[in-house]
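requesting a structural model of the entry that follows:
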Amino acid sequence: MAAAHEVHHESELVVVIGRGGKDIPVEKAMDAVLGFTAGLDITVRSAADRSRRKSYDGFSPLGPYLVTTDELGDGSDLDIRLTADGASGSR
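Here you go, the predicted model:
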């Protein structure tokens, strides 16, 4: 990766699917969810194809913990915060 490119990152709530399915109705979607973990969405800002800008080794770190839906619920009321080099942001 060229040094001139800027690397951006943002925190994400990752949904871990525990049971497969197809054409699951919205009202049954949480039945397929095993739990949640933390993730980082990392992207190189450049003119390159988007799939290339997100595909470097280490660009999708997850974890290290899995919280199940019986512990957390549906995750919709979480305050997700990322702190990097002393600066904090939330979504």
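
in this structure, which spans are strands?
Counting by DSSP state E, one finds strands in the chain at the ranges 6-17, 33-45, 67-68, 81-84, 87-90.

just the ones you listed: most buried one?
Mean neighbour count (mean count of other Cβ atoms under 10 Å) peaks for strand 33-45 among the strands of the chain, with a mean of 16. For the C-beta atoms, the positions are set from N, CA and C on the backbone; glycine is no exception.

so for that one, mean pLDDT?
In this model, strand 33-45 has a mean pLDDT of 91.

before we move on, back to that, in JSON lines, list the strands of the chain along with distance to residue 24.
Below are these laid out as JSON lines (distance: least, Cβ to Cβ, whole Å):
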{"stretch": "strand 6-17", "distance to residue 24": "10"}
{"stretch": "strand 33-45", "distance to residue 24": "10"}
{"stretch": "strand 67-68", "distance to residue 24": "19"}
{"stretch": "strand 81-84", "distance to residue 24": "30"}
{"stretch": "strand 87-90", "distance to residue 24": "30"}
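
so which helix or strand of this protein has the lowest pLDDT on average?
strand 87-90 (a mean of 62; mean pLDDT, DSSP states H and E).

list the contacts for residue 31?
By Cβ atoms under 8 Å, 6 or more residues apart in numbering, the residues touching residue 31 are 19, 24.
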